[in-house]
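quick one, fold the following:
(one chain, ligands or ions: 1)
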Amino acid sequence: MPVVQQCSDAAERVLTSAQFISEHSSDVSVPEDGVRQAAREIMARMKSTGYSTAEWKKHTLTPSVADDAAIEWIFVVDALNFSFWPTRADRAEQYTVSLDGAAYRGYWSLCAAINRAQREGVAITDAHHYAAMTAEQLAHVFRTDDPDTQEPIPMLDERVRVLREAGQVLVEKYGGRFANMVAQCDGSAQRLVELVVRDFPSFRDEHEFAGRSVCLYKRAQILVADVWACFEGRGKGRFADIDCITMFADYRVPQALCHFGALEYSPRLRAHLEQSEAAVRRGDAPVLLPSGHPWEVEIRGNSIWAVERIRQHILAAGTSVNAILIDFYMWDYAKEHADHMRAIPIHHTRSVYY
Ligand SMILES: Nc1nc2c(c(CN[C@H]3C=C[C@H](O)[C@@H]3O)cn2[C@@H]2O[C@H](COP(=O)(O)O)[C@@H](O)[C@H]2O)c(=O)[nH]1
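Sure, this is the predicted structure:
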């Protein structure tokens, strides 16, 4: 049985929070037989595709070279890596950015907008620059260039605020470079997560649930995971405790977890989510779950716990894996099988946390 890294600090708090949420949930559960089935399927698929950190740089829009510029790109993208679901489900309506003849939506529209800005000579990954960019300049960076698309990038005002705040902190405390912050964490992923949630308020993904404070730290953890994956665990991306990082509680991976049977919603929660999806499909407003709503926290916390249970099953089968690779695999799977996922509703929360 491989030794599971003893975690402390941030990731430990996330995993403890996830288990607490799961044990105190009324509308979301992690069925053991679904977890077992999911572990078998995911392990087989990951083995057959040789899924590894090398996948990260294979995406068209992610940096293809692991260097300091890539670290600054990752920071800007993960500072803005939240809330892309469209308020109108018709894909022609969803915020879109085109690059090299391809149209990108969702998370990839953010990457395409950042890459387009770089090509246009905007120093969008230089904290000294983006800390002082105006709302108009950032609106231009995130403009949609598809004449048929009505929808602007969701939460543009929050993105302006979050990016300028992050840039100002980087300039004041780290010479304007996230690479300097990485260097300060002495090769500890947990230390880096701690520094990020300490210094950047918008990464402080913490909530009240069942009378307790819980932390989910989705963007702080994916920020560290993206550096680790970009560098394939070597050099500046080497973190001795990387296996302590948990799944990233977003709105896409829960869909895949439900698809694999490792996450289950109560009939009333399922009905709520389907009602909201139907409204959006009709072109009406979604039935929002406010950030911090018990159902939203249950979906996110149980997703983290489901991936942890899947990870434990795969480790017990003697295969080395961590929550990051399972998460990345599930997220990529959900995107590649969007048609299957359509049968499973996502939850509609507007939040800067994911
Ligand atoms: N749990 C988890 N959540 C992730 C990612 C990523 C991007 N990572 C990829 C990039 C390189 C790696 O190889 C990964 O494949 C984005 N998101 C979240 O999804 C949502 C966007 O969804 P949609 O609207 O459908 O594009 C939004 O909350 C965003 O924050 C991930 O990996 N895991």
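
what backbone torsions are found at Phe209?
Note on Phe209: its backbone torsions stand at phi -150, psi 130 [degrees, to the nearest 10].

tell me which parts of the stretch 201-350 of the chain are close to the ligand?
Contact residues, the stretch 201-350 of the chain versus the ligand (CB under 6 Å from any ligand atom): 248, 250-253, 327-328, 331-332. Backbone N, C-alpha and C define where each C-beta goes, glycine included.

just the ones in helices from the residues you listed, please.
Under the assignment DSSP state H, those contribute 253, 327-328, 331-332 to helices.

in JSON lines: the residues you listed, plus distance to Glu206, neighbour count and pLDDT.
Output for these, formatted as JSON lines (distance: CB to CB, whole Å; neighbours: other CB atoms under 10 Å; pLDDT from 0 to 100):
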{"residue": "Val253", "distance to Glu206": "20", "neighbour count": "26", "pLDDT": "98"}
{"residue": "Asp327", "distance to Glu206": "20", "neighbour count": "26", "pLDDT": "97"}
{"residue": "Phe328", "distance to Glu206": "24", "neighbour count": "23", "pLDDT": "95"}
{"residue": "Trp331", "distance to Glu206": "23", "neighbour count": "19", "pLDDT": "96"}
{"residue": "Asp332", "distance to Glu206": "28", "neighbour count": "16", "pLDDT": "93"}
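
which among those residues gets closest to Cys215?
Proximity of these to Cys215 (CB to CB) peaks at Asp327, which lies at 17.1 Å.

coming back round to it: now flag whichever of the residues of the stretch 201-350 of the chain next to the ligand is closest to Trp295.
Tyr251 (12.4 Å).

residues in contact with the closest one?
85, 346-347, 349, 354 (CB atoms under 8 Å, 6 or more residues apart in numbering).

so which of those wins on neighbours?
Taking other CB atoms under 10 Å as the neighbour criterion, His347 ranks highest of these with 24 neighbours.

quick revisit: make JSON lines out of the contacts of Tyr251 and add distance to Ser25.
Conversion of the contacts of Tyr251 to JSON lines gives the following (distance: CB to CB, whole Å):
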{"residue": "Trp85", "distance to Ser25": "23"}
{"residue": "Ile346", "distance to Ser25": "18"}
{"residue": "His347", "distance to Ser25": "14"}
{"residue": "Thr349", "distance to Ser25": "17"}
{"residue": "Tyr354", "distance to Ser25": "18"}
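
what's the closest of these to Val307?
Proximity of the contacts of Tyr251 to Val307 (CB to CB) peaks at Tyr354, which lies at 14.4 Å.

ok, that closest one touching Tyr217?
No. Counting by CB atoms under 8 Å, Tyr354 does not reach Tyr217; the two are 10.0 Å apart.

what is in contact with those two at once?
In contact with both Tyr354 and Tyr217: Asp205, using CB under 8 Å, 6+ apart.

the host helix or strand of Val76 vs the ligand: in contact?
Assigned by DSSP states H and E, Val76 belongs to helix 68-79. No. Applying CB under 6 Å from any ligand atom, one finds helix 68-79 separated from the ligand by no less than 8.3 Å.

what comes up buried for that helix?
Residues of helix 68-79 classed as buried: 70-79 (neighbour count, 16 or more other CB atoms under 10 Å).

same thing with stretch 279-298?
Of the residues in stretch 279-298, 279-280, 286-287, 289, 291, 294-298 count as buried by neighbour count, 16+ other CB under 10 Å.
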